[in-house]
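*Asks:* Everything below, folded, please.
(one chain, ligands or ions: 1)
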Amino acid sequence: MKWAFRWYGSEGDSIPLQYLKQIPGLNGIVGTLLNKLPGDVWSVEEIRKLKTDVESCGLELVGIESVAIHDAIKAGTKERNRYIDNYIQTIRNLAKCDIRLVCYSFKPIFGWAKTELFYKNDDKSYSLVFDQAVVENMPASEMFQLISSQSKGFRLPGWEEERLKKFNDLMRLYDDITEEDLFNNLKYFLEKVIPVCEEVDVRLGIHPDDPPWEIFGLPRITKNLNDLKRIIEIVDSPYNGITFCTGALGANPDNNLVQMIYELGHRINFVHFRNVGYMGHQKFKETAHETSCGSLDMYQLMKALVDCGFDGVIRPDHGRSIWGESAMPGYGLYDRALGSVYAQGLYEAILKERQESKESM
Ligand SMILES: [Mn+2]
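*Replies:* Sure thing, here's the model as predicted:
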């Protein structure tokens with residue numbers, strides 16, 4: 001496994017890279033260029049600069065999260081070919097810099113949604129919470145206000161001011177788009193992009209919906225096993241893969257994550273490892289990573305990943321705010337560092353147990 005950590009760049013992240021290098025066992029960074037808008041080409045020079053920053057601290061840039069997809073591609077407008085060409089150019093440029101993994105998502109407007117960014121837990125740590133009942137009675141446009149009013153000044157990817165200004169236009173763009181349309185637009189995109197990914201050896205991993213059900217009447221096509229199976233069948237190539245986010249998919253108790261890993265395992269290109277705690281119907285919080293802290297059995301999930309032979313990039317996902325840290329909600333250092341070390345512990349124990357039982361046979 002490549003034990004990685006998400007990092008938003010020297011200008012966008014409050015955590016110095018050197019601190020990440022100090023997390024035991026950590027060797028990879030999943031990075032991004034925060035100044036890039038969906039549809040922009042990432043130049044070789046810009047990617048090299050990021051890579052050099054990461055390598056100067058003794059870490060490896062093991063992937064990009066995310067290269068965002070322009071709405072013209074998702075909505076299938078007539079400008080989409082131009083943006084697909086740009087996407088392909090970015091993939092070629094990443095390959096020139098020896099970067100082999102790209103995470104993306106195909107979600108209209110809301111990449112991720114939470115209704116509370118600093119929910120106070122009993123132990124006085126803070127978690128992100130999503131409650132469907134809050135959004136049910138709210139026009140979609142008010143989500144921006146709800147999120148930005150709680151952001152404590154941190155820039156939240158996907159909730160940028162520029163997007164808010166264009167919000168009504170964006171909503172109109174998806175007015176008549178059904179799930180089937182969205183799926184067909186993804187198909188159009190993958191059929192053009194995956195052959196290039198194969199040629200230059202860059203794997204894609206599509207990130208699931210968070211939360212994994214419909215919100216604001218917008219189509220969602222990455223919610224469950226059936227959706228993801230359908231997507232990997234569009235182009236039957238290991239380069240057309242999945243980012244298996246246990247927290248996003250696990251927010252719906254109907255998603256049997258262990259079964260999903262067994263069925264999708266050969267096409268999982270990237271893992272986000274985190275736990276969620278159910279608080280009621282379509283209401284959950286992001287807990288610490290440990291099994292005992294949330295509703296998911298993290299040991300069983302790690303075991304299923306090992307069973308499937310997964311040895312790619314894995315990172316802890318959103319953590320709580322603890323120990324008085326001031327950081328982007330979900331992206332503090334401390335709780336995610338604990339999550340990484342916990343995941344590595346599970347992995348070591350599972351491997352050694354198997355080795356011992358083999359030797360004793
Ligand atoms: Mn995730």
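*Asks:* What parts of the stretch 51-200 of the chain come near the ion?
*Replies:* Within the stretch 51-200 of the chain, no position is near the ion by Cβ under 5 Å from the ion. C-beta here means a position set from N, CA and C on the backbone, and glycine is covered the same way.
*Asks:* tell me the contacts of the closest residue to the ion within the stretch 51-200 of the chain?
*Replies:* In the stretch 51-200 of the chain, the residue that lies nearest the ion is W112 (7.8 Å; Cβ to the ion). W112 makes contact with G158, D210, A248 under the criterion Cβ atoms under 8 Å, 6 or more residues apart in numbering.
*Asks:* how about low-confidence regions in the stretch 101-250 of the chain?
*Replies:* For the stretch 101-250 of the chain, the stretches with pLDDT under 70 are 163.
*Asks:* How about the closest residue to the ion within it, nearest residue that isn't a chain neighbour?
*Replies:* Residue nearest to the ion within the stretch 101-250 of the chain (Cβ to the ion): C245, separated by 3.3 Å. Spatially, and ignoring its direct neighbours in sequence, C245 is nearest to H272 (3.9 Å; Cβ to Cβ, 6 or more residues apart in numbering).
*Asks:* Around the closest residue in space to T77 that isn't next to it in sequence, how many other residues sit close by?
*Replies:* Spatial nearest neighbour of T77, chain neighbours left out: L173 (7.2 Å); criterion: Cβ to Cβ, 6+ apart. Close neighbours of L173, defined as other Cβ atoms under 10 Å, add up to 18.
*Asks:* what does the one 3 residues further on give?
*Replies:* Using other Cβ under 10 Å as the criterion, D176 is surrounded by 8 other residues.
*Asks:* tell me the SS of it?
*Replies:* What DSSP: H, G, I helix; E, B strand; the rest coil gives for D176 is coil.
*Asks:* List the residues that contact V102.
*Replies:* So V102 contacts G63, I64, E65, S66, V67, I91, L94, V202, R203, L204, G205 (Cβ under 8 Å, 6+ apart).
*Asks:* Would you verify that the residue nearest to C245 is located in a strand?
*Replies:* Yes - the assignment for H272 (three-state DSSP) places it in a strand.
*Asks:* so it bridges to which residues?
*Replies:* Taking DSSP bridges as the rule, H272 bridges to C245, R315.
*Asks:* sorry, back to before: correct me, but the residue of the stretch 101-250 of the chain closest to the ion touches D209?
*Replies:* No - the criterion here is Cβ atoms under 8 Å, and C245 misses it with D209 at 9.4 Å.
*Asks:* dump the residue contacts of the residue lying closest to T291 once chain neighbours are set aside.
*Replies:* Leaving aside its sequence neighbours, T291 sits nearest to M298 (Cβ to Cβ, 6+ apart; 4.6 Å). For M298, the contacting residues are T246, F273, N275, H289, E290, T291, Y342, A343, L346, by Cβ under 8 Å, 6+ apart.
*Asks:* A helix includes L182, no?
*Replies:* Yes - under three-state DSSP, L182 falls within a helix.
*Asks:* wait, it sits on K74?
*Replies:* Yes - the criterion here is Cβ under 8 Å, and L182 meets it with K74 at 6.7 Å.
*Asks:* shared neighbours of these two, which are they?
*Replies:* F106, P108.
*Asks:* Compare these two and say which is more crowded by neighbours.
*Replies:* Between L182 and K74, counting by other Cβ under 10 Å, K74 is the more crowded of the two (25 against 22).
*Asks:* what sits against that one?
*Replies:* With Cβ under 8 Å, 6+ apart, K74 has these contacts: F106, K107, P108, Y174, L182, N185, L186.
*Asks:* Need the max-distance pair from those.
*Replies:* Y174 and L186 (13.8 Å; Cβ to Cβ).
*Asks:* can you give me the helices for the stretch 201-350 of the chain?
*Replies:* Under the criterion DSSP state H, counting those that start in this stretch, the stretch 201-350 of the chain contains helices at 225-234, 246-250, 257-264, 298-307, 334-359.
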